[in-house]
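[1] Please work out how this folds:
(one chain, ligands or ions: 1)
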Amino acid sequence: MREKVEAQGRDLLVIETGDRVEGNGLYDSSDPKGLYLSEILRHQSIDVMTSGNHELYKQNTSESECLVTVHDFKDNYLASNIDIIDPETQELVPLAERYKTFTTKIQGIRIVAFGFLFDFTGNYNNTVVQRVEDTIQEEWFQNAIREKEVDLFLVAGHVPAHSPEYKAIFKAIRSIRPDIPIQFFGGHEHIRDYAIYDEKAVSLASGRFMETIGFMSIDGLSTKNRPTAGRNPVFKRRYIDNNLHSFYHHTSSDKDTFHTEKGINVSRLIAESRTTLELDKIYGCVPRDLWMSRRPYPHDASVYTWLEQDVLVDLLSDESRMDRPAVAVVNTGAIRFDVFKGSFTQDTVWTISPFTNQFRFVKDVPYGKVQLIMDVLNKQTKVVRRDDDAHGGDVDALAPPAQVNHRRWLDSEMDGTQQILSEALAEQSDSGEVIPGYTTTDDAGDDGDDTIHSSIPYYRVPNCIQALISANESIPETADLVYNEFIEPYLTLAAKFAGLDVDFGKEGESYMAGVTMTDLILRWVKENWPCDDSMHI
Ligand SMILES: O=c1ccn([C@@H]2O[C@H](COP(=O)(O)O)[C@@H](O)[C@H]2O)c(=O)[nH]1
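    Down below sits the predicted model:
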């Protein structure tokens with residue numbers, strides 16, 4: 001693409017907006033995590049790169065970001081509002097440069113670029129995420145937006161396209177620079193989205209899990225050599241399905257001409273890494289598809305129903321608690337992908353359940369109170385004021401990220417069924433049949449999707465599910481309340497609402513020490529879904 005575009009006298013920039021880690025065997029399967037992924041990433045030519053929240057959940061992840069990824073992309077990695085305790089010096093320092101100025105190779109466009117993370121509060125305490133609204137008051141930012149020689153402000157970030165954070169940045173720049181175009185690139189909400197702030201400022205978000213290459217073209221920017229005398233640039237956006245058919249089409253090539261030597265080498269590196277990590281190793285065969293949101297909950301085909309009725313009930317048990325009844329509470333956001341019928345591999349494990357949280361419990365909690373806590377977690381929208389801080393206190397954050405966005409659509413009385421997520425590999429079938437996938441409507445209309453798809457049903461799921469683990473069928477008076485540690489701060493606050501005075505952080509104890517939900521899922525699959533010859537795919 002770069003070659004093609006440059007031959008036309010234009011520039012191409014590649015922007016990466018974070019969440020490169022967690023949720024894929026190439027990252028999660030190695031020890032230390034990310035070993036093979038960093039090597040692959042290193043070969044990519046990325047012009048502006050930012051951190052997502054996933055890079056900051058754990059100390060080791062952000063430290064490796066600092067020591068490896070920032071190092072590898074030091075001219076292009078931007079961290080406008082993230083500091084880290086440097087693992088080598090123990091000093092609090094910016095994770096990367098706050099901003100950069102550069103001029104594009106072909107057209108000489110002078111750009112001032114920033115890299116932001118949304119107002120994230122769930123980071124481990126070796127990093128500090130400064131609120132965007134505070135960051136833009138800082139002297140360095142105020143100086144940067146007053147930069148004289150600028151044709152375009154480029155704000156990349158792991159921040160939703162429609163968000164208070166981006167609105168604040170837009171207002172801050174516009175108040176000083178009424179005429180300079182601003183291109184935002186966003187993320188985090190797991191949706192394709194496009195926001196029009198004014199005639200010269202727009203924002204593009206490219207969905208989740210690298211299913212989408214968001215493509216933005218800006219035509220007619222006024223530059224030093226080609227001033228456009230006050231005319232507005234023309235912005236166009238396209239959501240490209242991430243597959244070879246799309247790439248052939250947009251590079252005007254085919255299977256024989258598309259591949260470059262570098263591309264072939266990186267593909268080989270990926271294949272070798274997958275082999276070393278045994279990502280195709282089969283642990284079992286899944287008899288039927290299990291969906292996150294394509295079927296209602298509860299449902300035979302819901303991954304959450306399977307989790308609560310089978311995996312947790314069969315396997316969650318701590319030796320020291322013997323036969324005492326337990327109620328397990330798990331957030332639905334902990335599951336990251338559908339489980340497809342067919343081979344269940346080493347890669348599948350990490351794709352559906354990448355988090356390393358362990359289980360904890362509080363003993364002898366009245367069963368009725370557990371039900372009240374569940375009501376609070378699933379029916380309230382917020383359990384705390386923002387300054388109370390429990391990952392922002394927004395219980396929606398316990399559910400799969402795309403659902404939070406879905407709520408916004410419903411709240412704004414737009415048709416919530418318009419923005420549908422593709423769970424399938426989206427490509428045109430050979431017979432020309434329209435395949436289910438993304439059908440996006442955004443601020444510019446419904447013509448952004450590069451491939452036309454039929455829509456996919458979407459059902460809301462609760463923020464948390466529960467499983468009663470008990471030797472007999474009856475409802476116990478009290479039970480161990482077992483939970484994955486990610487939800488601990490939310491539980492403490494929900495308990496207050498439910499009239500239960502328990503500080504889970506202080507009173508919670510380890511349950512099945514060292515075991516994660518990922519381990520339970522894998523064990524359950526191995527024990528219950530062996531492959532027979534007819535089931536291999
Ligand atoms: O340990 C964890 C970390 C995250 N989650 C869930 O993921 C989302 C955030 O996902 P994004 O991809 O960054 O949008 C969070 O809100 C939780 O629902 C988790 O369950 N456990």
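
[2] contacting residues around Val329?
    For Val329, the contact set (C-beta atoms under 8 Å, 6 or more residues apart in numbering) comprises Val370, Ile373, Met374, Leu377, Cys464, Ile465, Gln466, Leu481, Val482, Tyr483, Ile487, Leu491. Placement of C-beta: from N, CA and C, glycine included.

[3] Next, the contact list for the residue of the chain found nearest the ligand, please.
    As assessed by C-beta to the nearest ligand atom, the ligand sits closest to Gly333 within the chain, at 2.0 Å. Gly333 makes contact with Ala397, Leu398, Ala399, Pro400, Pro401, Asn463 under the criterion C-beta under 8 Å, 6+ apart.

[4] where in the stretch 401-537 of the chain is pLDDT low?
    Applying pLDDT under 70 to the stretch 401-537 of the chain flags the ranges 405-432, 533-537.

[5] Those residues of the stretch 401-537 of the chain touching the ligand, which are they?
    Residues of the stretch 401-537 of the chain found near the ligand (C-beta under 6 Å from any ligand atom) are Pro401, Phe486.

[6] All the helices of the stretch 401-537 of the chain, residue numbers only.
    401-411, 488-497, 504-507, 517-528 (DSSP state H, counting those that start in this stretch).

[7] out of the contacts of Val329, which is most surrounded?
    Highest neighbour count within the contacts of Val329, by other C-beta atoms under 10 Å: Ile373, with 30 neighbours.

[8] correct me, but that residue touches Thr492?
    No. Using C-beta atoms under 8 Å, Ile373 is not in contact with Thr492; the gap is 10.0 Å.

[9] So in this structure, where's the weakest helix or strand by average pLDDT?
    helix 401-411 (a mean of 61; mean pLDDT, DSSP states H and E).

[10] most tightly surrounded among the helices of the stretch 401-537 of the chain?
    Mean neighbour count (mean count of other C-beta atoms under 10 Å) peaks for helix 488-497 among the helices of the stretch 401-537 of the chain, with a mean of 22.

[11] Can you tell me which helices and strands it packs against?
    With contacts defined as 3 or more C-beta pairs under 8 Å, 6 or more residues apart in numbering; DSSP states H and E, helix 488-497 has these neighbours: helix 367-379, helix 504-507.

[12] sorry, back to before: overlap in contacts, Ile373 and Thr492.
    What both Ile373 and Thr492 touch, as defined by C-beta under 8 Å, 6+ apart, is an empty set.

[13] For the stretch 151-300 of the chain, list the residues in contact with the ligand, please.
    His188, His190.

[14] please redo it, this time with the cut-off set to 8 Å
    Proximity of the stretch 151-300 of the chain to the ligand, by C-beta under 8 Å from any ligand atom, involves residues His158, His188, Glu189, His190, Arg208.

[15] Just confirm Thr478 contacts Val365, I think it does.
    Yes. Using C-beta under 8 Å, Thr478 is in contact with Val365, at 6.1 Å.

[16] neighbour-wise, which of these two wins?
    Val365 (21 against 16).

[17] give me the beta-bridge partners of the residue lying closest to that one once chain neighbours are set aside?
    Spatial nearest neighbour of Val365, chain neighbours left out: Leu481 (4.3 Å); criterion: C-beta to C-beta, 6 or more residues apart in numbering. Listed beta-bridge partners, Leu481: Val327, Val362 (assigned using DSSP bridges).

[18] Domains in this structure, by residue range?
    2-273, 282-414+458-528 (automatic domain parsing).

[19] ok, of these, where does mean pLDDT dip lowest?
    Note on the domains of the chain: lowest mean pLDDT is at domain 282-414+458-528, with a mean of 90.

[20] Could you measure from the closest residue to Tyr459 other than its chain neighbours over to Val461?
    Distances taken as C-beta to C-beta, 6+ apart put Pro296 closest to Tyr459, at 4.6 Å, once the chain neighbours are dropped. Distance of Pro296 to Val461, computed by C-beta to C-beta, to the nearest Å: 9 Å.

[21] Report the buried residues of stretch 439-447.
    Residues Thr439, Thr440, Thr441, Asp442, Ala444 are the ones in stretch 439-447 that count as buried (16 or more other C-beta atoms under 10 Å).

[22] any idea which helix is longest in this protein?
    Using DSSP state H, we find that the single longest helix of the chain is helix 261-276.
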